[in-house]
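Q: sequence and predicted model, in that order:
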Amino acid sequence: DCDGVVDEAGSGEALLQRCESACGEGVETCRDGEYVDCTAPVECAPAGPGPCAAVRGIGVGVHQGTTSGLGHFRSQGCDGSGDDSPEQALEFTAPWAANWIFDLAGSEFDTIMYARSVCDDFDAELTCTDNVPPDRLNGWFSVPLDAGETVFIIVDGDHAAGRWNLTLHDEACLDLDCDE
């Protein structure tokens, strides 16, 4: 048994202990002498299919879309403040090595954006922005990528949804007309 004491057969008492799940503190059950099945708190469970179920590919340039009507998955970007907003997942593969700028200027709602190396893995977050500078509703960040390297950009809202505008360019090419 997990506590070192052999329980009577059929005692019906389950031995539990706290554990860390992907979404925070959970509880695991002793089974056959080992703690197993760390369960996440109920409030951490996905509320929809999640943004990674329908990833949209993008390239260098200006892109537009909306988060309205999309699924919500408790995406946890930045400080988790977008937890009740739908998300749009975008996939970008760098055509050449550079520091890539992702800028949501011109979006119609209070956005949050984050980059991940693996779309649906909270722990794979590379960077995020929730309105930098603070007086701006739409943030931006830079992600260094090697040629052929892929990054997933999640457009989220700070308790909001709406039309987003994403400008993507090499940091050295502000006019969007760069070639290798």
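A: Arrived safely. Residues are numbered from 1 along each chain as shown.

Q: and stretch 115-133, which residues are buried?
A: Within stretch 115-133, the residues scored as buried using 16 or more other Cβ atoms under 10 Å are 115-116, 119-120, 125, 128-131. C-beta: built from backbone N, CA, C; applies to glycine.

Q: just the ones of the residues you listed in strands?
A: Taking DSSP state E as the definition of strands, the buried residues of stretch 115-133 contribute 115-116, 125, 128-129.

Q: can you list the residues you listed in JSON lines and add pLDDT and distance to Ala97?
A: Putting those into JSON lines (pLDDT from 0 to 100; distance: Cβ to Cβ, whole Å) gives the following:
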{"residue": "Ala115", "pLDDT": "93", "distance to Ala97": "16"}
{"residue": "Arg116", "pLDDT": "93", "distance to Ala97": "19"}
{"residue": "Glu125", "pLDDT": "89", "distance to Ala97": "21"}
{"residue": "Cys128", "pLDDT": "87", "distance to Ala97": "22"}
{"residue": "Thr129", "pLDDT": "85", "distance to Ala97": "22"}
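
Q: before we move on, the earlier item: what's the most distant pair in the buried residues of stretch 115-133?
A: For the buried residues of stretch 115-133, the farthest-apart pair by Cβ to Cβ is Asp120 and Asn131; their separation is 24.4 Å.

Q: pLDDT value on Cys44, please?
A: As summarised for this prediction, Cys44 has a pLDDT of 50.

Q: what residues sit buried inside stretch 157-166?
A: Across stretch 157-166, burial judged by 16+ other Cβ under 10 Å covers 157-158, 160-161, 164-166.

Q: do a quick rundown of the strands in the protein.
A: Secondary structure of the chain, counting by DSSP E: strands at 16-21, 24-31, 34-39, 56-58, 61-66, 88-93, 98-103, 111-116, 125-129, 140-145, 150-157, 163-170.

Q: what does stretch 110-121 contact?
A: Contact with stretch 110-121 is made by 50-52, 55, 75, 77-78, 81-82, 85, 89, 91, 102, 104, 124-131, 137-141, 143, 150-160, 164, as judged by Cβ atoms under 8 Å, 6 or more residues apart in numbering.

Q: pretty sure Thr167 contacts Asp103?
A: Yes: using Cβ atoms under 8 Å, Thr167 is in contact with Asp103, at 4.6 Å.

Q: which residues touch the residue nearest to Val27 when sequence neighbours are not counted?
A: If the residues on either side of it in the chain are set aside, Val27 comes closest to Leu16, at 5.2 Å by Cβ to Cβ, 6 or more residues apart in numbering. In this structure, Leu16 makes contact with 27-30, judged by Cβ under 8 Å, 6+ apart.

Q: cool, and Val55?
A: 89-91, 119, 152.

Q: picking that back up, from the ones in strands among the buried residues of stretch 115-133, which is closest to Gly61?
A: Checking these against Gly61 with Cβ to Cβ, the nearest one is Ala115 at 17.5 Å.
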